[in-house]
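Peer 1: for reference, the sequence and a predicted model appear below.
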Amino acid sequence: MHRKAYVSGIAALLAALLAGCTGSSDKGGSTDDSNPGEAGTASATAQPGKYTTLPEACSAVGRTTLDSLLPGIKELTDEQQRETAYEGEATLTFDTDRKVGCRWKVQSADATDHLFVDLERVVSYDNSVSDDDEAQELFARKVAAADIPEPAASDSGTNTPSSSPSSTSSPSSASPSSSGSAASSASPSASGSTGASPSSTPTDLQPRLLDDLGDEAFVDDALSSSGSTVKQRTVTVAFRTSNVIVTIEYEEQPATVGTVPDSKEMQDKARKLASQLADSLAG
């Protein structure tokens, strides 16, 4: 009788142990099911940008290019002064892997030229946003701040229609405008080398987006008065390649009163430098 009760007690104990093992295995299964979800979330993290560091800004511009942008360097007779002019002045930065820059200023007999080169590596701190996407957003803000027009309005809408309608479909208004108001309405496009044209930028050189530089780019051109009669032109070329944004500012202030810096020449030089920097970043 006692033996039978003893056996029944063992059976009950085994059943309880078996139930406990089954429950723990179920819990283990549920934790295993949650891990794949976490792994899936980690795998969806945005990819880092192409660039993890930046070149040294002051040495990124070659001497031949500096001779072209800053003609006054060749006029320096003192060798030490010339070397200092080539070296430029690095901008203050706390992390050279994130942002670097360099400035040059050289005075010649004809003008004073300034050159500024800035490189910024963009890093996203949001795991769902890639470095490239973050850089693209920052560049879009840069374009908006510069008030660069849309390509549809500047390229197709300005180059072709502005030349044909003004010369073909406005014979009645051509005679009055040519006498008095042509200086205000037609000077930017038609009279490129007369009257008020030096104080404005020709139509094909207006601020615009560029499609032949980096992933996206633009050029800005501004003419401002320094004092009463001296004109200073500032050409800005900015472009983005992956998660790096490069900005070039090229300024010229003539030494002679009434002289206006040439827009095309300055834009060509700045864009050439931008292409060289884009090529060097591409490796």
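Peer 2: Ah, there it is.
Peer 1: next, count neighbours for the residue nearest to residue 58 when sequence neighbours are not counted.
Peer 2: Leaving aside its sequence neighbours, residue 58 sits nearest to residue 102 (CB to CB, 6 or more residues apart in numbering; 3.9 Å). C-beta here means a position set from N, CA and C on the backbone, and glycine is covered the same way. Counted with other CB atoms under 10 Å, residues neighbouring residue 102 total 20.
Peer 1: and what of residue 276?
Peer 2: Each residue near residue 276 was counted by other CB under 10 Å, and the total is 15.
Peer 1: give me every residue that touches it.
Peer 2: Shown in contact with residue 276 (CB atoms under 8 Å, 6 or more residues apart in numbering): 61-62, 65.
Peer 1: 7 Å instead?
Peer 2: residue 65 (CB atoms under 7 Å, 6 or more residues apart in numbering).
Peer 1: quick check: phi and psi at it.
Peer 2: phi -60, psi -40 (degrees, to the nearest 10).
Peer 1: show the model's pLDDT score for it.
Peer 2: On the pLDDT scale, residue 276 is placed at 97.
Peer 1: how far away is it from residue 120?
Peer 2: According to CB to CB, to the nearest Å, residue 276 and residue 120 sit 18 Å apart.
Peer 1: could you list the buried residues of the helix or strand containing the residue nearest to residue 58?
Peer 2: Residue 102 belongs to strand 99-107 when assigned by DSSP states H and E. Applying a neighbour-count criterion of 16 or more other CB atoms under 10 Å, one finds 99-104, 106 buried in strand 99-107.
Peer 1: and those, which is closest to residue 210?
Peer 2: Nearest to residue 210 among the buried residues of strand 99-107: residue 101, at 21.2 Å, using CB to CB.
Peer 1: quick check, that closest one in contact with residue 115.
Peer 2: No - counting by CB atoms under 7 Å, residue 115 is not a contact partner of residue 101; they are 10.9 Å apart.
Peer 1: mind listing the strands for this protein?
Peer 2: Here the chain has its strands, by DSSP state E, at 89-90, 99-107, 111-121, 208-210, 216-226, 230-241, 244-254.
Peer 1: tabulate these (a markdown table), appending mean pLDDT and distance to residue 77.
Peer 2: Below are the strands of the chain laid out as a markdown table (pLDDT from 0 to 100; distance: least, CB to CB, whole Å):
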| stretch | mean pLDDT | distance to residue 77 |
| --- | --- | --- |
| strand 89-90 | 98 | 21 |
| strand 99-107 | 97 | 13 |
| strand 111-121 | 97 | 18 |
| strand 208-210 | 96 | 38 |
| strand 216-226 | 90 | 27 |
| strand 230-241 | 95 | 26 |
| strand 244-254 | 97 | 22 |
